[in-house]
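Asker: Could you look at this predicted model? Sequence included:
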Amino acid sequence: MPLYASKQKGLALITVLFIFALVSLLAVSMQKRQVMSMAQASATINRTQAMLLAVSAEDVAKAFLKLDGKRDKDQGQEWDGAVELWNNPVTMELSGAEVFINIRDLQGLFNLNSLSPGDSAEAARQRFERLLNSLSLPASASPTAIAADTKEWLDTDSSASNTYQNLTPSYSASGMAFSHPSELLLLESVDRETYLLIEPYVTALPESTALNINTTHEHILQAWDLKLTLEQAKSVVEVARAGSCGLEVRDDNIFQNTTDFLAHKNIEDLADATKNKTNYKNWDKGNFEVYSQYFSVFIMIKLNEGSDSTQLIMESIVKREKDDFIGVVYRDFSRKIEDITTRLKIINC
């Protein structure tokens, strides 16, 4: 065979092999793209399904709170306490899914917006400082500085912005009410470690929102007055902890009105202007309530599809009106499992 013909056959063979390799690579690439597209579509479907389940679970929680409020109103027992059924976590098993719902009462927490400019702002600052002093904060955290910085952050007439505008990146103090407790992280005196320890005890509600004495914590109540010890505060809040979750007969496990609360042996003298001339105004009836309008609904959805699983965690802040209307204030998708199971809910049955 001539050398020239032999070279042509060799070149043709190489060309065929090259084309075969190229086609193989394209086929593999197309297969990978198809697998990725299918995985992406599956993830999107699962995420959408989880979101629909979360919103449905939110509706279940809203209906439960609405029913609780209507029942209380119809029976003339308009009070909310830690022994009630809504305070008990609920787990539901569905076909291929697990649904977890956990409700907490936000009005049992310290309201950061109570430090907003006004006649009671300084008293609220002192309460916040006492609350911070009662928590096991890092040695580097200063309760005095945090309370002062929070008050100044909310005040448009303060010079707080001068401090923050010199930071990198620079920003200004809001001069308006908190919409979420995480805004504390914007303060120069609050780092993440400190914030995580403070967060379970604070909330961001309208400034005039009263404290629910049936669902508050001893650290929060103790901060109300320098003369109230932690042990005394604990004995007060335990009035609404004597029962168990879902207790039907709750009359003896709850403060039915603020008058009964202010008549408690550990509170009576503090609320008396002749015996507590300094801080008796802290115990004004308007500062307290026995029912709640604002609740945090924690929801976790877990989808089990073969070897794959999709998990979605959502927190919904809901407001319940006395006319039976209940709506969502906002939703938060940044929560973690420990937030909704153990870390944030400090008021249990």
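Answerer: Arrived safely.

Asker: For the stretch 101-250 of the chain, which segments count as helices?
Answerer: Ranges of helices within the stretch 101-250 of the chain are 121-134, 143-154, 160-164, 192-198, 218-222, 230-237, based on DSSP state H, counting those that start in this stretch.

Asker: Of these, which shows the lowest average pLDDT?
Answerer: Among the helices of the stretch 101-250 of the chain, helix 160-164 has the lowest mean pLDDT, at a mean of 87.

Asker: Determine which stretch of the helices of the stretch 101-250 of the chain is the most buried.
Answerer: helix 218-222 (a mean of 23; mean count of other CB atoms under 10 Å). Any C-beta I mention is one placed from the backbone N, CA and C, and that applies to glycine too.

Asker: So which elements touch that helix?
Answerer: helix 121-134, helix 230-237 (3 or more CB pairs under 8 Å, 6 or more residues apart in numbering; DSSP states H and E).

Asker: want to throw those into CSV with distance to R335?
Answerer: Output for the helices and strands packed on helix 218-222, formatted as CSV (distance: least, CB to CB, whole Å):
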stretch, distance to R335
helix 121-134, 23
helix 230-237, 26
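
Asker: A223 is nearest to which of those helices?
Answerer: helix 121-134 (3.8 Å; CB to CB).

Asker: Who are the packing partners of that closest one?
Answerer: Counting contacts by 3+ CB pairs under 8 Å, 6+ apart, helix 121-134 packs against strand 110-111, helix 143-154, helix 218-222.

Asker: May I see those organised as JSON lines, with distance to L211 added?
Answerer: Listed next are these as JSON lines, based on distance: least, CB to CB, whole Å:
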{"stretch": "strand 110-111", "distance to L211": "7"}
{"stretch": "helix 143-154", "distance to L211": "17"}
{"stretch": "helix 218-222", "distance to L211": "7"}
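
Asker: For L184, find the nearest of the ones you listed.
Answerer: Of all the helices and strands packed on helix 121-134, helix 143-154 sits nearest to L184, with 7.0 Å by CB to CB.

Asker: Select the longest helix from the protein.
Answerer: As assigned by DSSP state H, the longest helix anywhere in the chain is helix 3-74.

Asker: Same list (the helices of the stretch 101-250 of the chain) but as TSV, adding distance to L17.
Answerer: TSV is the format used below for the helices of the stretch 101-250 of the chain (distance: least, CB to CB, whole Å):
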stretch	distance to L17
helix 121-134	75
helix 143-154	71
helix 160-164	67
helix 192-198	59
helix 218-222	77
helix 230-237	81
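
Asker: which stretch among the helices and strands packed on helix 218-222 comes nearest H219?
Answerer: Across those, closest to H219 is helix 121-134 (CB to CB), at 4.8 Å.

Asker: how far out from the middle of the chain is that closest one?
Answerer: Taking the mean of its C-alpha atoms, helix 121-134 sits 21 Å from the chain's own mean (CA atoms, centre = their mean, to the nearest Å).

Asker: who touches that helix?
Answerer: Residues outside helix 121-134 that contact it (CB atoms under 8 Å, 6 or more residues apart in numbering) are 110, 112, 114-115, 141, 143-144, 146-148, 150-151, 155, 198, 201, 219-220, 222-224, 226, 230, 279, 281-282.

Asker: quick one on the thing from earlier: next structured bit after the longest helix of the chain?
Answerer: Under the assignment DSSP states H and E, the closest C-terminal helix or strand after helix 3-74 is strand 90-94.

Asker: Name every strand pairing with that following strand and say which way it goes.
Answerer: Strand 90-94 has its sheet partners listed here by DSSP bridges as strand 97-105 (antiparallel).

Asker: Next, the angle from the strand it pairs with to helix 3-74.
Answerer: Taking axes from the mean of the first three to the mean of the last three CA atoms, to 10 degrees, one finds strand 97-105 and helix 3-74 inclined to each other by 40 degrees.

Asker: Show residues contacting strand 97-105.
Answerer: Contacts of strand 97-105 (CB under 8 Å, 6+ apart): 49-50, 53, 57, 60-61, 64-65, 80, 82, 86-87, 89-93, 212, 215, 292, 294-304, 340-341, 344-345, 347.

Asker: So which elements touch the longest helix of the chain?
Answerer: Helix 3-74 packs on strand 97-105, strand 294-305, strand 308-320, strand 326-332, going by 3+ CB pairs under 8 Å, 6+ apart.

Asker: nearest to E188, of the ones you listed?
Answerer: Going by CB to CB, the one of the helices and strands packed on helix 3-74 nearest E188 is strand 326-332, 24.5 Å.

Asker: The closest one versus strand 294-305: what angle between them?
Answerer: 60 degrees.

Asker: which strands and helices sit next to the helix or strand that comes right after strand 326-332?
Answerer: Sequence order places helix 337-338 as the next helix or strand after strand 326-332, per DSSP H and E. Using 3+ CB pairs under 8 Å, 6+ apart, no helix or strand is in contact with helix 337-338.

Asker: Relative to the whole chain's centre, how far out is helix 337-338?
Answerer: Distance, centroid of helix 337-338 to centroid of chain: 12 Å (CA atoms, centre = their mean).

Asker: still on that earlier bit, could the helices and strands packed on helix 3-74 go into JSON lines alongside distance to F261, mean neighbour count and mean pLDDT?
Answerer: Formatted as JSON lines, the entries for these read as follows, by distance: least, CB to CB, whole Å; neighbours: other CB atoms under 10 Å; pLDDT from 0 to 100:
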{"stretch": "strand 97-105", "distance to F261": "16", "mean neighbour count": "20", "mean pLDDT": "95"}
{"stretch": "strand 294-305", "distance to F261": "19", "mean neighbour count": "21", "mean pLDDT": "91"}
{"stretch": "strand 308-320", "distance to F261": "21", "mean neighbour count": "18", "mean pLDDT": "89"}
{"stretch": "strand 326-332", "distance to F261": "26", "mean neighbour count": "14", "mean pLDDT": "94"}
